[in-house]
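S.K.: here are the coordinates; sequence isn't available:
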């Protein structure tokens, strides 16, 4: 392990949260990386462990231990993936329904990461560790569509910064229960852990800021086809927000109710736009609606005639 020693000598460096200061002083790693290092006791201030909320003081001596990137040992699997865009920095895939993004208890094989390990070989960023190589954002197992994966740490840090600044263009399509009087709207409601069920998210006081813009594209008998544009990217954000206003996503068995043969919510990550980390050019990728989704729309259109 390598050690780096930093000293707070300038007034401008005083009064900054330690995780933020480290991400500025050592920009090769993300702020979340340093938060984990602090939590793991790898950052000492004046010889003592601190918490992430610690604020720097003049004269502080900061010693950070840099862990070597762990060798990724996930089993590569020859699983077909639908590639929408690829260059030397990133790859965008069209994730199918019922596919888990990265290995987790109960899903150690057959995940998108297993497939990516086969396709990309050693070209995946290691910032999120051996379980989530390349993964800079996620979509739920039963959500389909565009997912961006980073091939190196530089690209990962760049894309993560874009996501944090809300500059990544993310547009979803979904079918919800019920009809609307308005043609569009914005839901600005904080999201956090559901106090009654920690496995679920909910709109809660003191939660993290969450903003979803929606547009009603078509209305059927009892259902609506909507477009969602994310301003923030909280866990289950669209699902939680739509359930919160009384229009849960069709088939959502967590925030709504299961429907027939549907495997979870009818939600599709269609458009993904970002600044390419090396060329700095805007790239926009669109994933076509899956067949089951198109069939549902046609069914409801026939029912509405």
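M.R.: Happy to help now that I have it. On a predicted model such as this, the values are computed, not experimentally measured, just so you know. Numbering: from 1, shown residues only.

S.K.: What are the boundaries of the helices in the stretch 151-300 of the chain?
M.R.: Listed in chain order, the helices of the stretch 151-300 of the chain (DSSP state H, counting those that start in this stretch) span 153-164, 237-244, 291-304.

S.K.: Residues in contact with the longest one: which ones?
M.R.: Taking contacts as C-beta atoms under 8 Å, 6 or more residues apart in numbering, the residues outside helix 291-304 that touch it are 97, 144, 173, 175, 218-221, 223, 225, 250, 266, 268, 289. For every residue, glycine as well, the C-beta is placed using N, CA and C.

S.K.: quick revisit: could you single out the most deeply buried of the helices of the stretch 151-300 of the chain?
M.R.: helix 237-244 (a mean of 24; mean count of other C-beta atoms under 10 Å).

S.K.: Show me what that helix packs onto, helices and strands only.
M.R.: In terms of contacts (3 or more C-beta pairs under 8 Å, 6 or more residues apart in numbering; DSSP states H and E), helix 237-244 is packed against strand 169-177, strand 184-188, strand 191-194, strand 197-203, strand 211-219, strand 223-230.

S.K.: Kindly reformat these as JSON lines containing mean pLDDT and mean neighbour count.
M.R.: JSON lines is the format used below for the helices and strands packed on helix 237-244 (pLDDT from 0 to 100; neighbours: other C-beta atoms under 10 Å):
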{"stretch": "strand 169-177", "mean pLDDT": "97", "mean neighbour count": "22"}
{"stretch": "strand 184-188", "mean pLDDT": "97", "mean neighbour count": "14"}
{"stretch": "strand 191-194", "mean pLDDT": "86", "mean neighbour count": "17"}
{"stretch": "strand 197-203", "mean pLDDT": "85", "mean neighbour count": "14"}
{"stretch": "strand 211-219", "mean pLDDT": "97", "mean neighbour count": "17"}
{"stretch": "strand 223-230", "mean pLDDT": "97", "mean neighbour count": "21"}
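
S.K.: With distance to residue 280 added, can I get the ones you listed in TSV?
M.R.: Output for the helices and strands packed on helix 237-244, formatted as TSV (distance: least, C-beta to C-beta, whole Å):
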stretch	distance to residue 280
strand 169-177	16
strand 184-188	30
strand 191-194	32
strand 197-203	34
strand 211-219	26
strand 223-230	23
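
S.K.: Mind checking the ones you listed for the one nearest to residue 28?
M.R.: Evaluated over the helices and strands packed on helix 237-244, closeness to residue 28 peaks at strand 169-177, with 26.6 Å, by C-beta to C-beta.

S.K.: about what we covered before: indicate which one of the helices of the stretch 151-300 of the chain is closest to residue 283.
M.R.: With C-beta to C-beta as the measure, helix 153-164 is the member of the helices of the stretch 151-300 of the chain nearest residue 283 (10.9 Å).

S.K.: Give me the domain ranges for the protein.
M.R.: 2-66, 69-165, 166-305 (automatic domain parsing).

S.K.: tell me how far the longest one is from the chain's mean position?
M.R.: Using C-alpha atoms, centre = their mean, to the nearest Å, we find the averaged C-alpha position of domain 166-305 to lie 14 Å away from the chain's own average C-alpha position.

S.K.: Straight-line length of that domain, end to end?
M.R.: Start-to-end span of domain 166-305 (C-alpha to C-alpha, to the nearest Å) is 40 Å.

S.K.: swap in stretch 219-236?
M.R.: Criterion C-alpha to C-alpha; first-to-last residue distance in stretch 219-236 is 24 Å.

S.K.: Quick check: residue 63 is in a strand.
M.R.: Yes. Counting by DSSP: H, G, I helix; E, B strand; the rest coil, residue 63 is located in a strand.
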